[in-house]
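Enquirer: What follows is a predicted structure for the sequence shown.
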Amino acid sequence: MAYGSYRLQFLHISDIHGKGPRESEPWRRRRVLGDHWRRNLETIQQEEGAIQFVFFTGDAAHSGGPLEYEGLTDFFTGICTELHLGLDRLFVVPGNHDIDRNAQKQVWESMRSRLGVTSDLLGVSRWMAGIGKPPLGFDDKWRTAILERQNSYRHWVRDTLNQPDQAPEGLGYRRTVDLPLWQFPVQVIGLDTSWLCGDDADAGRLLVTENQAARHLFDDNGNPFPGLRIVLMHHPLHELADKADIRRLLAENADLVLRGHLHQTEISEWVDPDRRLRELAVGSLYEGGLADKYGNSCQFVRLDLDSNGRPIEAVVRFRTFSPRAGHWYDDNSIYRDTKDGRCTWTFGTSLDPRKPNPFSPWDPRPEQCFGRAGVFQRLESAFDERRSAWLVGDWRIGKSMVLLAWEKRLRERGIVAKLVSGQGPAGVSAGQFVQTVTGLDSPSDPDGAADRLIDWINAISVSGVPPVALVDEVESIVQTCDVRFFDRLRDLIGRVCFVFSSKEAPDEVFSNNNKASPITNKMEAVWIGLLEPGGTDATIRIGADQLGPGDADLMRHWCGDHSFFLQLLGRSLVEARRRAGSPADGLTEFQEQANSHLRTLWRTLPANYQSALRDAARGLPATAGVLRRRGLVTADGNPFGEIFAAWLRGPE
């Protein structure tokens, strides 16, 4: 199951081997590509819905002669008409059978001979791109002459299909397609792998050239093009002499490679520790020799994409011609898990198992405190004015992370700052609190403990700059310490700056312990809620090299701007990919953990807030300001993320 923001559907075909008037058995071609083929297209469209592109990956003709392209235009036009597409949505590349081997034969033989002995493939790449002089032993006239062997193919593409940008001067092309309502473009990149073809020993002697690939993968400033990047080519990479360089460029700058040539369907991935290349090969649409006795094939492909155009999941539907029965059918024979001709292909990332999971929901890290600029501005102002502050927010909303980050900032400025937690020894008694903050033995009674705190303040205060005591989970300290101790702490504000944190408002912390508060009116209450603008994206970016396609969209959808849930889902998604699982596996694990937390949170809410939140999940925005301050609902009154909304819509 994919969770994509966009969906692209296309037909992938290759290797039709048109012979034009030289076709000796036209009835065999019609048996494969006549009425049964049209019914095949009807079936795909009726069952899959609208198709946006047709990609043809080479060998339109049989031997590159001009007469062989006769009739091909009608065939491709018929496909586009059947799929309700214009010819501008048909993309083609040449194959080895689109080369006229009789044209410029001496030039080809000379080039292949020189390429067999030269070590300067970089020089060849630059020269073919029009940069610099030809390498030693090469004639400059060869650069244009070698491409004349594709003249019939290029004429067909430019003048008959009326797609001149797919057969420009030089090697390869790129076209940017903007689809209606899509926020990113589709980059279709056609690479010419066939320009050096010429005999039956081509494998291992062909070149794409780095400059051809780079010209169409990068803009004029050397930046990768935005959006979805689909590369069309005829030959598999292992048949290229420059396969290592081209594989690296494609793995880093293309999302999917489509190819033909070998007449065999294959889904493959190449992976190294830093990159991954995904390739989809289709069999022949019409095998030139075996004709209707061969299991000719085509592919329907559905890509689910994230909001940046990165593929999340592909469903590949294999359709094969039956030589015996003469019809096209869903082929389950290619892969073990194929069902109804469909194979699901999840796009993951290459994870280095030595790298730790970057997300840490249970162990806050100060360097990951994002989206709290407003909070820090208030803490900064309070410190400058020698005031104290009280952070208020639900469990796991991010209070501890704010305290850790604030302590780090203060220490970097040379200010004495000490962070303690009421859940530790500091919550046992007033004496233990002072001892934990100061590191000094302290009397246990309120006045003795306060006096020891004053001794510490006097000893460390420099130039009138007060120390800062940060206290997480202050509820335990309020519970165990006498009110007299807080009377004394109130009198020290200014000489020391306190930053307390609790799940409840300051006055409620004291009233819940049947105590009157002598200090809360001296401390500024600062609510910790959802992340401020930019905080969510910054949180997601900490896992950029370990999250997969679509994971960022999942995090935004399910977690909104909630710091803890973003970290929790991020960690689950990374762990799922480490186990070679899918985003759905990570989401399931996340929901189980999140639901446990939400049940705990729910028990702390009064009935009127519970009712308002359930209404919000059903479309009636919550208006209670406290729910927004607590980060339970967004500014417009809706649950902060789908994880909370789905939980609220569940059974009572």
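Expert: Okay, I see it. Numbering: from 1, shown residues only.
Enquirer: How far away from the center of its chain is the longest strand seen in the chain?
Expert: Counting residues, the longest strand found in the chain (DSSP state E) is strand 311-321. For strand 311-321, the gap between its own C-alpha mean and the chain's C-alpha mean amounts to 21 Å (C-alpha atoms, centre = their mean, to the nearest Å).
Enquirer: Can you name the element that comes right after it?
Expert: Remark: after strand 311-321, the chain's next helix or strand is strand 328-330, criterion DSSP states H and E.
Enquirer: Okay, strands next: where are they in the stretch 451-600 of the chain?
Expert: Ranges of strands in the stretch 451-600 of the chain, per DSSP state E, counting those that start in this stretch, are 468-472, 497-502, 523-527.
Enquirer: For the ones you listed, give me CSV that also has mean neighbour count, mean pLDDT and distance to residue 548.
Expert: C-beta here means a position set from N, CA and C on the backbone, and glycine is covered the same way. Converted to CSV, these look like this (neighbours: other C-beta atoms under 10 Å; pLDDT from 0 to 100; distance: least, C-beta to C-beta, whole Å):
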stretch, mean neighbour count, mean pLDDT, distance to residue 548
strand 468-472, 25, 96, 34
strand 497-502, 25, 96, 35
strand 523-527, 18, 95, 35
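Enquirer: So which bits of stretch 643-652 are buried?
Expert: Buried residues in stretch 643-652, counted by 16 or more other C-beta atoms under 10 Å: 643-648.
Enquirer: same deal with stretch 598-606?
Expert: 598, 601, 605.
Enquirer: likewise stretch 33-51?
Expert: So for stretch 33-51, counting by 16+ other C-beta under 10 Å, buried means 33, 36-37, 40-41, 43-45, 48, 51.
Enquirer: next one: stretch 95-103
Expert: Using 16+ other C-beta under 10 Å as the test for burial, stretch 95-103 gives 95-101, 103.
Enquirer: from the buried residues of stretch 598-606, which ones fall inside helices?
Expert: Under the assignment DSSP state H, the buried residues of stretch 598-606 contribute 598, 601 to helices.
Enquirer: between the buried residues of stretch 598-606, which is nearest residue 629?
Expert: residue 605 (13.5 Å; C-beta to C-beta).
Enquirer: pLDDT of stretch 286-304, averaged?
Expert: Averaged over stretch 286-304, pLDDT sits at 96.
Enquirer: Kindly check the end-to-end length of that stretch for me.
Expert: Start-to-end span of stretch 286-304 (C-alpha to C-alpha, to the nearest Å) is 29 Å.
Enquirer: And it, what's buried?
Expert: 286-288, 291-292, 294-304.
Enquirer: And for stretch 325-342?
Expert: For stretch 325-342, by 16+ other C-beta under 10 Å, it's 328, 331-332, 334, 338, 341-342.
Enquirer: Give me the distance from it to the chain's centre.
Expert: Distance, centroid of stretch 325-342 to centroid of chain: 30 Å (C-alpha atoms, centre = their mean).
Enquirer: I'd like the buried residues of stretch 95-103 laid out as CSV, including secondary structure and distance to residue 137.
Expert: What follows is those, written out as CSV (DSSP: H, G, I helix; E, B strand; the rest coil; distance: C-beta to C-beta, whole Å):
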residue, secondary structure, distance to residue 137
95, coil, 28
96, helix, 25
97, helix, 29
98, helix, 28
99, coil, 23
100, coil, 25
101, coil, 23
103, coil, 22
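Enquirer: which pair in the buried residues of stretch 325-342 spans the largest distance?
Expert: Maximum distance among the buried residues of stretch 325-342 (C-beta to C-beta): 15.7 Å, for 328 and 338.
Enquirer: burial measure for residue 374, as a count.
Expert: By other C-beta atoms under 10 Å, the residues close to residue 374 number 10.
Enquirer: Next up, the contacts around it.
Expert: Listed by C-beta atoms under 8 Å, 6 or more residues apart in numbering, the contact set of residue 374 reads residue 532.
Enquirer: Doesn't it lie inside a strand?
Expert: No: when classified by DSSP: H, G, I helix; E, B strand; the rest coil, residue 374 is found to be helix rather than part of a strand.
Enquirer: about what we covered before: so which elements touch the longest strand of the chain?
Expert: helix 35-48, strand 276-281, strand 297-305, strand 328-330, strand 342-346 (3 or more C-beta pairs under 8 Å, 6 or more residues apart in numbering; DSSP states H and E).
Enquirer: between the ones you listed, which one is nearest to residue 55?
Expert: strand 297-305 (8.7 Å).
Enquirer: got the angle for that closest one vs strand 311-321?
Expert: Counting by axes from the mean of the first three to the mean of the last three C-alpha atoms, to 10 degrees, strand 297-305 lies at 160 degrees to strand 311-321.
Enquirer: could the strands of the stretch 451-600 of the chain go into JSON lines alongside distance to residue 373?
Expert: Putting the strands of the stretch 451-600 of the chain into JSON lines (distance: least, C-beta to C-beta, whole Å) gives the following:
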{"stretch": "strand 468-472", "distance to residue 373": "19"}
{"stretch": "strand 497-502", "distance to residue 373": "17"}
{"stretch": "strand 523-527", "distance to residue 373": "13"}
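Enquirer: quick one: residue 465 and residue 415 touch, right?
Expert: Yes: with contacts counted by C-beta atoms under 8 Å, residue 465 reaches residue 415, the gap being 6.2 Å.
Enquirer: got the residue ranges for the helices in the stretch 1-150 of the chain?
Expert: For the stretch 1-150 of the chain, the helices defined by DSSP state H, counting those that start in this stretch occupy 26-33, 35-48, 72-82, 105-115, 121-128, 142-145.
Enquirer: Having no further points to raise, I will conclude here.
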